[in-house]
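Student: using only what follows, build the 3D model:
(one chain, ligands or ions: 2)
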Amino acid sequence: MLVTRQKTLRRFWYPVMPVGKVEAGPQPFTLLGEKIVVWKAADGDVVALADRCPHRSAALSLGWVDGNAIVCPYHGWSYDGSGTCVRVPQRPESNGLKGRVVPSFPCTVRYGHVWVALGEPLAPIPDWPEEDDASYRRIDQFYETWRCAGLRLMENSFDNAHIHFVHRDTFGDIDNPDPPQPAIERLPYGFVARSDVPVYNNELQKKNLRDDSAVTIRHITARWYMPFLRRLHIRYPSGLDHIIVTAATPIADDRCQVVQFCFRSDSEADAPARDIIAFDRRVTEEDRAVLESTDFDVPLDMNSGVERHMPSDQPGLLMRRMLIELLAAHGESEHTRHDAGRATQEQKSSS
Ligand code: FES
Ligand SMILES: [Fe+2]
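Tutor: Residues are numbered from 1 along each chain as shown. Ligands and ions are numbered 1, 2, ... in the order given. As a prediction, the model looks like this:
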C-alpha cells in the first residue's frame, strides 16, 4: 500500500508535532505527502493550512504570525485560520481577496500535541482518561522521523514473536521464541489485543519497576486505532501502569513521524522520567533498526505472494484485512508501486 495514494487515509486524525513547537512560530509538516503549515493565532487557536501561498506559491511556513493571520514571507499577503486572504499590503483598500484561497484542514490540540486531519475525520481522537487523572503523569518521549511505513510499526507493536529476537538484549529471551499470542477483539476502526507475556528485566528495568525479579509477566492490553495509532497498556504485577501511546504519522510512502508519549502511575521520585525514556529509547532503537530495513510498500493483499506468514502474525493480518475493508467501504482499492507496471502491461496486451 502506498499511503499517499489512498484518499481514505486523509480522513483520520494524526498527531503532527508537540504543541510547544508552534509557540515558536509557523511550522511546516508534510502529512501524507501534503505540505501543511501549522501556526497559532493570537486568539490561541492552533490551525493548519496548505503551505503554499496562492500568489506565487511561496511556503507560508517561512512567514510569521500577525494577530490572527499568517503573513506570507514573499509579498506579505495575509491569511486567517480559515484560509481567507485578509490583507494584500500592495492594495490595502481591497481588504484581501474573496473566498478561502488557501485550503484549511481540521486541527486541534490534545495530549500536548497538535493533531491534523486532511479531510472530514471518520473517527474521533481517542479519549484517554489518564490525561486528566492526577494519579498519572504524561511523559513526552519521542518525536522523530523513521524511514519505514507506519503500518510496519503498528504491526510490530502487536507482534509478540518479535520480542525475543529484536529485543533479546533488553527484555526478550531468544531461547523462548514462541510466546503466548493475544486474544483479539475487533472494534470500530481498530481492535484490542490482550496477552500476558513473560519478559526479562535488565538492571535499569529492575530499578524503573522497583522489582528485582529476573522475569516479570507483562499484562498487555494493546489497542490499535486505524490506521497508525496504538496505545500499549502494560500492567506490571506490582500494579504499576506504563501506558505507551505511539503514532506513526504518515509523512510519505516511505517515511513516518514517530510521536510517542507515555502515562505512568508512579511518581518522578519513584522513577525519574529520564530513566523511563532511556529504557524505552533502547527498546525503540532495536525496533527501528529492523523496521527501517523493511519494504515500505506493505502488501495488504495476503494472497499476493509477496510475503509469507505464520500463526503469530494474526494481529498484522487483521490490520491488513481491516484496511482493505476500510478502503473498499470508501470505494478504493489498494495501490502499490506495482500498479504502474501492471497498467503498462495491460496497455500492451490490449494493443
Ligand atoms: S508569494 Fe505570497 S504574497 Fe507573493
Ligand atoms: Fe518491539
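Student: residues in contact with stretch 44-61: which ones?
Tutor: 16, 19, 22, 26-28, 34-41, 68, 70, 72-75, 77, 79, 81, 83, 85, 101-109, 114, 116 (Cβ atoms under 8 Å, 6 or more residues apart in numbering). All C-beta spots, glycine's among them, are computed from the backbone N, C-alpha and C.
Student: list buried residues within those.
Tutor: Taking 16 or more other Cβ atoms under 10 Å as the criterion, what is buried in those is 16, 19, 22, 26-27, 34, 36-41, 68, 70, 72, 77, 79, 81, 83, 85, 101-102, 104-105, 107-108, 114, 116.
Student: about what we covered before: from the contacts of stretch 44-61, which are also near ligand 1?
Tutor: Contacts with ligand 1 within these, as defined by Cβ under 6 Å from any ligand atom: 72, 74, 75, 77.
Student: closest to residue 186 out of those residues?
Tutor: residue 72 (47.0 Å; Cβ to Cβ).
Student: any chance of the backbone angles for that closest one?
Tutor: Phi and psi for residue 72, reported as degrees, to the nearest 10, are phi -70, psi 140.
Student: surely it and residue 85 touch.
Tutor: No. Contact criterion Cβ atoms under 8 Å: residue 72 and residue 85 do not qualify, at 9.3 Å.
Student: need the overlap of contacts for those two.
Tutor: Residues touching both residue 72 and residue 85 (Cβ under 8 Å, 6+ apart): 78, 79.
Student: which other helices and strands does the host helix or strand of residue 220 contact?
Tutor: Under the criterion of DSSP states H and E, residue 220 resides in strand 215-225. Applying 3 or more Cβ pairs under 8 Å, 6 or more residues apart in numbering; DSSP states H and E, one finds that strand 215-225 makes contact with helix 150-157, strand 190-200, strand 229-235.
Student: quick one: strands adjacent to that strand?
Tutor: Strand 215-225 pairs in its sheet with strand 190-200 (antiparallel), strand 229-235 (antiparallel), by DSSP bridges.
Student: so which of the helices and strands packed on strand 215-225 gets nearest ligand 1?
Tutor: With Cβ to the nearest ligand atom, the closest approach to ligand 1 among the helices and strands packed on strand 215-225 belongs to helix 150-157: 32.4 Å.
Student: need the residues of this protein near ligand 1, please.
Tutor: With Cβ under 6 Å from any ligand atom as the criterion, the chain meets ligand 1 at residues 53, 55, 56, 58, 72, 74, 75, 76, 77.
Student: may I ask which two of those residues are separated the most?
Tutor: Maximum pairwise distance in these, criterion Cβ to Cβ, is 11.9 Å, between 56 and 76.
Student: quick one, which of these two is more surrounded?
Tutor: The neighbour count for residue 56 versus residue 76, taken as other Cβ atoms under 10 Å, is higher for residue 76 (15 against 10).
Student: verify the stated contact: the more buried one with residue 89.
Tutor: Yes. Under the criterion of Cβ under 8 Å, residue 76 makes contact with residue 89 at 4.4 Å.
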